[in-house]
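Engineer: Sequence first, then the predicted structure:
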Amino acid sequence: MPYREISDLPDSVKNHLPHHAQEIYLAAFNNAWEEYAGREDREVVAHKVAWSAVKKQYVKIGKEWVEK
């Protein structure tokens, strides 16, 4: 279930990440979704990859995500 646009992302992403980080999450999730097509845990892995991609450029300080 790749995401077509940012508005389709889970609330845990939309309500907490800055717009640019949401774009990163969307692209990384969709790429991982394709990459791990044969795996039973495809969705879980895609979310982990997406969060990892966000954390390469953003850090959480308090309740906010800020660019490194």
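Structural biologist: Right, received. Where do you want to start?
Engineer: Which pLDDT value goes with M1?
Structural biologist: pLDDT recorded at M1 is 84.
Engineer: what are the ranges of the helices in this protein?
Structural biologist: Ranges of helices within the chain are 11-14, 19-35, 42-57, based on DSSP state H.
Engineer: Can you list the buried residues in the first one?
Structural biologist: It stands for helix 11-14. By neighbour count with 16 or more other Cβ atoms under 10 Å, helix 11-14 contains the buried residues V13. Where C-beta positions appear, they are placed from N, C-alpha and C, glycine not excepted.
Engineer: hmm, who's touching it?
Structural biologist: If you take Cβ atoms under 8 Å, 6 or more residues apart in numbering as the criterion, helix 11-14 is touched by I6, S7, Q22, Y25, A50.
Engineer: possible to save the helices of the chain as a markdown table with distance to M1 and mean pLDDT?
Structural biologist: Below are the helices of the chain laid out as a markdown table (distance: least, Cβ to Cβ, whole Å; pLDDT from 0 to 100):
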| stretch | distance to M1 | mean pLDDT |
| --- | --- | --- |
| helix 11-14 | 14 | 95 |
| helix 19-35 | 7 | 98 |
| helix 42-57 | 7 | 98 |
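Engineer: Contact partners for A28?
Structural biologist: A28 neighbours (Cβ under 8 Å, 6+ apart): V49, A50, S52, A53, V54.
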